[in-house]
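Colleague: compute the structure for the input listed below.
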Amino acid sequence: MQFEPENFRAPSMKIFLVGQPTRKNMKTHLLTLASILIPFFSMSTPAQSQPPAKAISGKVLKCPMPLAANEVDGKTVICGQIKVPENWNKPNGKLITLTYARKMSFNQSAIADPIIFFAGGPGGSVLASQGSSSFDFSFLRQTRDVIVWDQRGNRYSEDLRCPQNVQVPNAAAIDTALKKLGKPKFTVRSNPEAILTWTRQVEVISGTARCAAYFKAQGQDVSQYNTANTVRDAIALMEHLHYPVYNLFGISYGTQVTLAIMDYYKKNPSANLPPIRSAVIDGVYPQNVSSVEEALTAPYNILRVFTDCEADTVCGAAYPQIKQRTIDLLARLEASPIKDKRGKAIALKDVVEVLHTAVQLQPELIPYLPRLVNELAQGQTATYAVLREIIEGQVTILPKTSEATNGVASNPLNPITSETTALAADLRAIANRLDRLGKTTSNLAGAIEEAKTLSRLYIGVLNRYLIDSSPEERNKFSDTVINFFASYPEQQNRAGLLRLSNTLTGIVAGELSAITNQMSEAEVRTVWRSLTDDKVLQRLQEIDVMTNMVVKCNDRGASFKIDRALQRYRAFPAPQLIDSLELAAYYQARCEIFGSAVPEYSVLPPVSSDLPTLVMNGARDNATPVEYGELAFKTLSNAKIVTVPMTDHGVVRYSKCARDIAHTFFLYPNAKLDTSCINAFRPVFVLPKDPLPQAKKP
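Modeller: Numbers count the residues shown, from 1 in each chain. Okay, the predicted model is just below:
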């Protein structure tokens, strides 16, 4: 992502992601780049009869983030900022800036009431995700404007950024300390205090405590970064934009914000609030779900496969009571393993791994799971052996083609011919060092025109590649730099730069490698100084990790209790499926560090509302399982609910069917919905006599 040096004349494209290096020093212009949809939690109840939230000021400005190639800044997308109090109870105190983008409707006679979108996280930046097909919302822009904005604490709205050199001042020392600490083998029967003591040590070593101290030293009031304040921020934004009516749309953590707004409106009926017409919540995490439930997401999804089988006429007849038989099988395996025909033991961990892999990573295996359990319960291992071969890549099965498999659109470079002899005059002196590059791309050609050194050429080519790439690709690159290079100075050499360059896709990997091979050692060091600039790295991430921790602790500190978690896990029908039971303890320790821990365990009451609402779930949502959406639905008196089979988190991201359902609801929120298209996604379960896939013979 781009680097802009002092006294450097920017090209016509003025988006800079990685700062350009200079000979003496450099100045970094930052952009936030991120995507995702990660789940999470609820807010403290706002006080009743609060005055309506209003922005202190606002302005329209050039969009600070990269836009999709088909967007025109100021025409199809109009960006702006508002200023609001950091503490809404102190309106004359410190102000923070919130950034938004109005994605204008394609319709020349658009419906007057727009959709305002609430992204996931907490800590996820929807603005940094522009350019991703998951967040272009073209299906909604056929009829309405769509407003996207970064919530407080996110990339373009006062993000809570802990510098890498603060969090990880000495990576080698931290690695050594964590290795020395080790990880005990905890179970649902472990002592909760022992688990909490261990996670407290991990969080201190890993840098959470250093970040908390840093925020305090900077005068940042982290207690104000919570869902309750985000609700008032949203109201202030809606009031500032002056649309006559609004529709709410949240995915993941954004559903928590959406529900909290609905709750706020109900509790403040006399306030003069911007009118709201309808709401869609997709991938739901309601405030009355205890945070200890997070560790049960995959177990819920695994058991639901067998519930769905029982509900299917054919599968249910072939495998009667298969859910209970699965529970019984896991208990049996916990006591003793099964042996295959060769006498090799199949242990509990082996079967649990297959179940988790199917639900979380390889959904094409899901139709085989009832048969797997049915056979293992009888001491047969044929299906288990085949699934193992599929997981290990020895057998290939092709999932059925469907809209649900549509991924994020890639952004390949369009190579054109450009000889290094076409260098600008200021590059002629080093032209002989570039002759190995041969034919190249338009990105390289543009970088050559601007570069005066090879280090600047490297950064210029990289910047153009990252600008043209998807947010997912940008985030992957920054993760690689952070995890393998930024905190390891010994890796910041020519060999390391070649390894990093070759993690990229397409022609650019070869271009960057060729440039690297031509650079002097001093130029290599200059590039590494630019690449490991903390501000750049932080803003390339898809989610602000510290924002995630802070908001979750402020919202739900009272429900992060490892003792309650272990009680819940022991009572779960299949505790053998739980693979992250320390999660509640991690957050309990984090909340203590940030000063937001609450002594007594509690969970907030459900949100009730009569606003027309569509509740959308994915049957294999790996962040917020179906059970959460069903729980929210129970107290929404004017709601519809739809669960899309075989679909992951945020169903509108995966199929035209889900997008059409959401769009139709926004058009006609009180009409009956035709959801029959979801039937195409239902799995066809493998029956006892069906042939199993076979490995191809060489």
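Colleague: can we go C-alpha only for contacts and neighbour counts from here?
Modeller: Will do.
Colleague: could I get the contacting residues of residue 383?
Modeller: Residues in contact with residue 383 (CA atoms under 8 Å, 6 or more residues apart in numbering) are 368, 371-372, 375, 692.
Colleague: among the residues you listed, name the buried ones.
Modeller: Applying 16 or more other CA atoms under 10 Å to the contacts of residue 383, the neighbour count classes 368, 371-372, 375 as buried.
Colleague: just the closest of the contacts of residue 383 to residue 497, please.
Modeller: Closest to residue 497 out of these is residue 368 (44.1 Å), distances taken as CA to CA.
Colleague: what is the burial count for residue 220?
Modeller: Look at residue 220: counted by other CA atoms under 10 Å, it has 15 neighbours.
Colleague: if you could redo that for residue 289, that was the one I meant.
Modeller: The burial count for residue 289: 22, using other CA under 10 Å.
Colleague: and if you look at the one 10 residues further on?
Modeller: Residue 299 is flanked by 23 other residues according to other CA under 10 Å.
Colleague: tell me how far the nearest residue to it once chain neighbours are set aside lies from residue 552.
Modeller: Once flanking residues are discounted, residue 299 sits nearest to residue 577: 5.4 Å by CA to CA, 6 or more residues apart in numbering. In this view, residue 577 and residue 552 are 25 Å apart by CA to CA, to the nearest Å.
Colleague: the two: who's more crowded?
Modeller: Counted by other CA under 10 Å, residue 577 and residue 552 do not tie: residue 552 has more neighbours, with 28 against 25.
Colleague: what ranges do the strands span in the stretch 351-500 of the chain?
Modeller: Taking DSSP state E, counting those that start in this stretch as the criterion, the stretch 351-500 of the chain carries no strands.
Colleague: residue ranges with poor pLDDT in it?
Modeller: Within the stretch 351-500 of the chain, the stretches with pLDDT under 70 are 398-451.
Colleague: picking that back up, from the buried ones among the contacts of residue 383, which land in helices?
Modeller: Residues of those located in helices (DSSP state H): 371-372, 375.
Colleague: would you list those residues in TSV and tack on distance to residue 135?
Modeller: Shown next, in TSV, are those (distance: CA to CA, whole Å):
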residue	distance to residue 135
371	38
372	38
375	43
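Colleague: circling back to that earlier point, pull the most distant pair out of the contacts of residue 383.
Modeller: Among those, 375 and 692 lie farthest apart (CA to CA), at 13.1 Å.
Colleague: surely residue 548 is within a strand?
Modeller: No. Under DSSP: H, G, I helix; E, B strand; the rest coil, residue 548 sits outside any strand and is assigned helix.
Colleague: tell me, how many residues neighbour it?
Modeller: Neighbours of residue 548 (other CA under 10 Å): 24.
Colleague: repeat that for residue 520.
Modeller: 13.
Colleague: and it, how far is that from residue 508?
Modeller: As judged by CA to CA, residue 520 and residue 508 stand 20 Å apart.
Colleague: now do residue 128
Modeller: Distance, residue 128 to residue 508, using CA to CA: 22 Å.
Colleague: ok, now residue 63?
Modeller: Residue 63 is 27 Å from residue 508, where distance means CA to CA.
Colleague: what does residue 365 give?
Modeller: Separation of residue 365 from residue 508 (CA to CA): 36 Å.
Colleague: give me the buried positions along stretch 186-197.
Modeller: Buried residues in stretch 186-197, counted by 16+ other CA under 10 Å: 187-188, 192, 195-196.
Colleague: got a list of contacts for that stretch?
Modeller: By CA under 8 Å, 6+ apart, the residues outside stretch 186-197 that reach it are 562-563, 566-567, 569-570, 575, 581-582, 585-586, 588-589.
Colleague: surely residue 202 is in contact with residue 179?
Modeller: No. Using CA atoms under 8 Å as the test, residue 202 is too far from residue 179 to be in contact (10.4 Å).
Colleague: between these two, who's got more neighbours?
Modeller: Neighbour count, other CA under 10 Å: between residue 202 and residue 179, residue 202 has more, with 20 against 10.
Colleague: that older thread, and which of the ones in helices among the buried ones among the contacts of residue 383 is nearest to residue 213?
Modeller: residue 372 (51.3 Å).
Colleague: thought the closest one was touching residue 385?
Modeller: No. Residue 372 lies out of contact with residue 385 (CA under 8 Å); the separation is 9.5 Å.
Colleague: ok, back up a step: residue 128 and residue 508: who's more crowded?
Modeller: Shown here are residue 128 and residue 508; by other CA under 10 Å, residue 128 has more neighbours (29 against 22).
Colleague: pLDDT value on the more buried one, please?
Modeller: Here, the pLDDT recorded for residue 128 equals 87.
Colleague: and what about it, helix, strand or coil?
Modeller: Following three-state DSSP, we place residue 128 in the coil state.
Colleague: start the count at 518, not 1, going forward
Modeller: Got it, the first residue is 518 from now on, which makes the last one we talked about residue 645.
Colleague: surely it touches residue 666?
Modeller: No. With contacts counted by CA under 8 Å, residue 645 stays clear of residue 666, the gap being 9.9 Å.
Colleague: before we move on, back to that, which among the contacts of residue 900 gets closest to residue 972?
Modeller: Set against residue 972, the nearest of those by CA to CA is residue 885 (53.1 Å).
Colleague: how about the closest one, nearest residue that isn't a chain neighbour?
Modeller: Leaving aside its sequence neighbours, residue 885 sits nearest to residue 1203 (CA to CA, 6+ apart; 5.4 Å).
Colleague: check residue 571 too.
Modeller: Closest residue in space to residue 571, ignoring its immediate chain neighbours: residue 753 at 4.4 Å, by CA to CA, 6+ apart.
Colleague: would you pull up how far stretch 1105-1118 lies from the middle of the chain?
Modeller: Chain-centre distance of stretch 1105-1118: 24 Å, with CA atoms, centre = their mean, to the nearest Å.
Colleague: could you dump that stretch to PDB, C-alpha only?
Modeller: Taking Å, rounded to 0.1, in the frame of the first residue of the first chain, the C-alpha atoms of stretch 1105-1118 are listed here in PDB:
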ATOM      1  CA  GLN A1105     -11.700 -12.100  30.600                       C
ATOM      2  CA  ALA A1106      -8.000 -11.400  30.900                       C
ATOM      3  CA  ARG A1107      -8.200  -8.700  28.200                       C
ATOM      4  CA  CYS A1108     -11.100  -7.000  29.900                       C
ATOM      5  CA  GLU A1109      -9.200  -6.900  33.100                       C
ATOM      6  CA  ILE A1110      -6.200  -5.300  31.300                       C
ATOM      7  CA  PHE A1111      -8.500  -2.600  29.800                       C
ATOM      8  CA  GLY A1112     -10.300  -2.000  33.100                       C
ATOM      9  CA  SER A1113     -13.700  -3.100  31.800                       C
ATOM     10  CA  ALA A1114     -14.100  -6.300  33.600                       C
ATOM     11  CA  VAL A1115     -17.300  -6.700  35.700                       C
ATOM     12  CA  PRO A1116     -17.200  -8.900  38.800                       C
ATOM     13  CA  GLU A1117     -20.600 -10.500  38.400                       C
ATOM     14  CA  TYR A1118     -21.700 -12.600  35.400                       C
END
